[in-house]
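Novice: structure here, sequence nowhere to be found:
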Ligand SMILES: NC(=O)c1ccc[n+]([C@@H]2O[C@H](COP(=O)([O-])OP(=O)(O)OC[C@H]3O[C@@H](n4cnc5c(N)ncnc54)[C@H](OP(=O)(O)O)[C@@H]3O)[C@@H](O)[C@H]2O)c1
């Protein structure tokens, strides 16, 4: 058995039209899985699927909004109808909102929590029966180092990612008996569109670098190995775990 091979597996990666989701989708496909990429914008999603297909990878598009229950359920049902199986779910789609505490409104809070936390719970609920029937299941959520340490202004983000780390553990407890593992990956600072505004501020980029053991921001492709590991046979006995990929930011005191 090849420990890291995903040959014969079908994966759904949400929020895969760019950024970390795209990088993880590419890594899973390179490891042999058929990967369904998800996102809302049809053009961006189509472009992402084409880029991977042009490399000879086995991919498809699953366009839906993870926060809309009917779309979410139809999306999963369509994959199961087309592929007959769904072995790996990477719940990665997420959004951000930054405001000082006094300016937060309820709709902004709800938008972030819906996308980052609630949608992951109901996606897991939707895919679990098929994984149980197949006797193989890998659920991987993208949390964040803000699921471990707090940061000002991004209150709903910190709360949703901390909640998602907890959900990782409660789902692991319930689904283990069905040979379904549930883990999360907590990225540190990666160069993606979500961080465009932060990346434009050279002083901020340098300040962050000085707090990271590896002294640099990460490239999206540097998350791929963690996703392949948790999705593969190699991680068969790893569940309820949050794998931190942050260049040492939360584990070291850099000076
Ligand atoms: N970048 C980092 O440094 C970092 C660090 C820690 C954690 N994370 C987490 O990693 C994940 C990906 O972040 P990223 O930086 O790659 O973000 P990004 O560049 O903004 O990409 C977000 C992706 O999610 C999709 N998306 C957003 N809302 C969606 C929805 N409601 N339904 C379906 N798809 C949706 C977007 O496509 P559409 O807009 O077309 O839907 C896009 O494909 C997020 O959960 C984020 O919180 C990122």
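Specialist: Noted; the coordinates are in hand. Here the structure is a predicted model, which means the values were calculated and not measured.

Novice: now do residue 72 against residue 14, distance only.
Specialist: 9 Å (C-beta to C-beta, to the nearest Å). C-betas here are computed from N, CA, C, even on glycine.

Novice: more neighbours, the two?
Specialist: residue 14 (29 against 20; other C-beta atoms under 10 Å).

Novice: pull up the overlap in contacts between residue 72 and residue 14.
Specialist: When contacts are counted by C-beta atoms under 8 Å, 6 or more residues apart in numbering, residue 72 and residue 14 have 66, 119, 123 as shared neighbours.

Novice: closest to the ligand among these?
Specialist: Set against the ligand, the nearest of the shared contacts of residue 72 and residue 14 by C-beta to the nearest ligand atom is residue 66 (3.8 Å).

Novice: residues of the protein that sit close to the ligand?
Specialist: The chain comes close to the ligand at residues 14-21, 38-41, 44, 65-67, 92-95, 115, 142, 144, 187, 189-190, 192-195, as judged by C-beta under 6 Å from any ligand atom.

Novice: among the residues you listed, which ones are buried?
Specialist: Neighbour counting over these (16 or more other C-beta atoms under 10 Å) leaves 14-21, 38-40, 65-67, 92-95, 115, 142, 144, 187, 189-190, 192, 194-195 as the buried ones.

Novice: among those residues, name the ones in helices.
Specialist: Counting by DSSP state H, those place 19-21 in helices.

Novice: and which of those residues is nearest to residue 243?
Specialist: residue 20 (13.4 Å; C-beta to C-beta).

Novice: per-residue confidence for the closest one?
Specialist: Listed pLDDT for residue 20 reads 98.

Novice: surely it touches residue 189?
Specialist: No - taking C-beta atoms under 8 Å as the definition, residue 20 is not a contact partner of residue 189, at 11.5 Å.
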